[in-house]
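1. Any chance you can model this:
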Amino acid sequence: MFQEIKTLDRVDFTTCIPFRITDHNYGDHVANNVFVEYLHEGRVQFLANWGYTEKNVEGVGLTLSELCVKYTRQAFYPDTLRLDITITNPRPTRFDLCYRGYNKRDEQLLLAKTEMAAIDKTTGRPTRLPEVFFKSFGRELA
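-> You can find the predicted model right below:
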């Protein structure tokens, strides 16, 4: 899976998130768990760029159903995380977001994938994603 993320030939969105000194752990580098927060921030910015939120994608909500992270290099303050995000694997009720993270020197820090599931905001049950959502990214359902 991580090899596939590494070789994706398309980037749908890029954002930069500065590291905070408070993100360091006792090993004096940015803590691994903080990168999960950065992925969430990147995902929120990604959706906002297309006019969506995690609570409202064409009337349905999104929830994180899977998270995989491969850390490839330590990160240090002061620096910035550049996240390249690509939507992949569209399915009727789910899709994946693939992330590649780099520091200012363009050194890869992480590879990650989140699976996002559509939910009915009223019932909390799985629901179909509107096809117009995928068309925004030039994607069709598999």
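2. For stretch 67-78, what is the distance to the chain centroid?
-> Relative to the chain's own centre, stretch 67-78 is displaced by 14 Å; criterion: CA atoms, centre = their mean, to the nearest Å.
3. and that stretch, how far apart are its ends?
-> The first residue of stretch 67-78 is 26 Å away from its last residue (CA to CA, to the nearest Å).
4. Can you list the buried residues in it?
-> Residues of stretch 67-78 classed as buried by neighbour count (16 or more other CB atoms under 10 Å): 69, 75. Where you see a C-beta, it was placed from the backbone N, CA and C, and this is true even at glycine.
5. Would you mind putting the CA coordinates of stretch 55-66 into CSV?
-> Taking C-alpha atoms only, stretch 55-66 is exported to CSV below (Å, rounded to 0.1, in the frame of the first residue of the first chain):
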residue,chain,number,x,y,z
LYS,A,55,-20.1,17.2,8.5
ASN,A,56,-21.5,18.1,5.1
VAL,A,57,-20.5,16.5,1.8
GLU,A,58,-23.5,17.1,-0.5
GLY,A,59,-25.7,16.4,2.5
VAL,A,60,-23.9,13.4,4.1
GLY,A,61,-21.3,13.3,6.8
LEU,A,62,-17.8,11.7,6.8
THR,A,63,-16.2,9.6,9.5
LEU,A,64,-12.7,8.2,9.6
SER,A,65,-12.9,4.4,9.4
GLU,A,66,-9.2,3.5,8.8
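6. Thanks a lot, catch you later.
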